[in-house]
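**Student:** what's the 3D shape of this:
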Amino acid sequence: MIIGLYDSGLGGLSVWRELRHLNARFIYFGDTAHVPYGEKTPAQLQDYFWQILDFLQGKGCQGVVIACNTASALVLPAVKPVVSMPVIGIIEAAVQGCLQVGQGRLGVLATQATVDSEVYQQAFREARPNWQVFVHSAPQLASLVEQGQATESATKRVVAEYLEPLIAQNIDTLLLGCTHYPFLRPLVEEVVGSSVQIVDPAPILAEQVSCWLDILDSRQDRQGPSTEFWVSAHPERFQMVAQSLLQEEIPPVGVYKLSGANHL
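**Tutor:** Reported below is the predicted structural model:
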């Protein structure tokens, strides 16, 4: 069974490190020519999705995980009814994770596009109408992770600045609403303290994908886990920063250029 996994860049690795233990082959694609996705329009994101899907299908993928909150919010609802293979996003896992630990005052830190989509506001209005949900955008954080600055003291100051409005609302739970943000979790924990529950949706998404694999792959012999890494630009930089974030080596990274991309 081969599963495609994609994100705007490095953020999806926070999902991949949870999925990698499943008995499946993974093709990871980081759209590094277009990172960050939080500044893109829905039309742009859908165009990237179809191009990436063509690539993943060409690699033999039989299902796709969108390891990106922005694309899950802005792309998945439009493409899921017409795409020819199973596709799963991260929004449902994020909501489930918050429902498990939240007590009624939820903070959501996300990209501007995810905030503007109101996907989480709507989800919690339906699931917990009595909850207070406070949503705040953090435009710089994904880029800081991509630049390999996840542990810098200057990054902690930026994290604190973005979290300040949420902390002021006396939140009891914080959703990391972008897959880049789990790489900043140590800094986030220092800022919010131990009284705030932090939700990273990736472990729950891994459980969902495991069940999904049982259904999709019930009549096939599972292969041992392995991963190929691909990007749309800057493979050496991706590999270098990925190894720093993961604290381990990854194989050489291939390049698949999307049409219309700016490959500097």
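**Student:** Need the per-residue pLDDT for G260.
**Tutor:** Per-residue confidence (pLDDT) for G260: 65.
**Student:** Correction: the previous question concerned D217.
**Tutor:** For D217, pLDDT reads 64.
**Student:** Let me see the contact set for L175.
**Tutor:** A94, G97, C98, L106, G107, V108, L109, A110, Y120, V199, P201 (C-beta atoms under 8 Å, 6 or more residues apart in numbering). C-beta coordinates here come from the backbone N, C-alpha and C atoms, glycine included.
**Student:** chain center to the worst-scoring helix or strand of the chain on mean pLDDT, what's the gap?
**Tutor:** For the chain, scoring each helix and strand by mean pLDDT, DSSP states H and E identifies helix 202-216 as the least confident one, at a mean of 89. Distance, stretch centre to chain centre, for helix 202-216: 15 Å (C-alpha atoms, centre = their mean, to the nearest Å).
**Student:** residues making contact with that helix?
**Tutor:** Against helix 202-216 from outside (C-beta under 8 Å, 6+ apart): 1, 3, 14-15, 17-19, 21-24, 62-63, 65, 67, 86, 88, 90, 92-94, 96-97, 179, 182, 222.
**Student:** ok, 7 Å please
**Tutor:** 1, 14-15, 18-19, 22, 24, 62-63, 65, 86, 88, 90, 93, 96-97, 182 (C-beta atoms under 7 Å, 6 or more residues apart in numbering).
**Student:** circling back: what is the nearest of the contacts of L175 to T173?
**Tutor:** Ranked by distance to T173 (C-beta to C-beta), these are led by L106 at 5.0 Å.
**Student:** can you count the residues close to that closest one?
**Tutor:** L106 has 26 neighbouring residues, counting by other C-beta atoms under 10 Å.
**Student:** correct me, but it touches G97?
**Tutor:** No: here L106 lies out of contact with G97, judged by C-beta atoms under 7 Å, at a distance of 10.8 Å.
**Student:** So which of the contacts of helix 202-216 sit within helices?
**Tutor:** Secondary structure from DSSP state H places S14, V15, E18, L19, A93, Q96, G97 of those in helices.
**Student:** so where's the stretch 151-264 of the chain shaky on pLDDT?
**Tutor:** Where the stretch 151-264 of the chain drops to pLDDT under 70, the residues are 216-224, 260-264.
**Student:** Tell me where it has strands.
**Tutor:** In the stretch 151-264 of the chain, the strands defined using DSSP state E, counting those that start in this stretch lie at 173-177, 197-199, 226-231, 254-255.
**Student:** Most tightly packed of these?
**Tutor:** Comparing the strands of the stretch 151-264 of the chain by mean neighbour count (mean count of other C-beta atoms under 10 Å), strand 173-177 ranks first with a mean of 26.
**Student:** quick one: that one to chain centroid distance?
**Tutor:** So, by C-alpha atoms, centre = their mean, the centroid of strand 173-177 is 13 Å from its chain's centroid.
**Student:** Name every strand pairing with it and say which way it goes.
**Tutor:** strand 105-110 (parallel), strand 197-199 (parallel) (DSSP bridges).
**Student:** what's the angle from the longest helix seen in the chain to strand 226-231?
**Tutor:** In the chain, assigned by DSSP H, the helix with the most residues is helix 42-58. Per axes from the mean of the first three to the mean of the last three C-alpha atoms, to 10 degrees, the angle that helix 42-58 makes with strand 226-231 is 140 degrees.
**Student:** Just the residues contacting helix 42-58, thanks.
**Tutor:** 4, 6, 27, 29, 31, 34, 37, 64, 70-71, 74-75, 78-79, 83, 256, 258-259.
**Student:** about what we covered before: if any of the contacts of helix 202-216 are buried, put those into a ChimeraX selection.
**Tutor:** Listed next is the ChimeraX selection for buried residues among the contacts of helix 202-216, using 16 or more other C-beta atoms under 10 Å:
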select :1,14,15,18,19,22,24,62,63,65,88,90,93,96,97,182
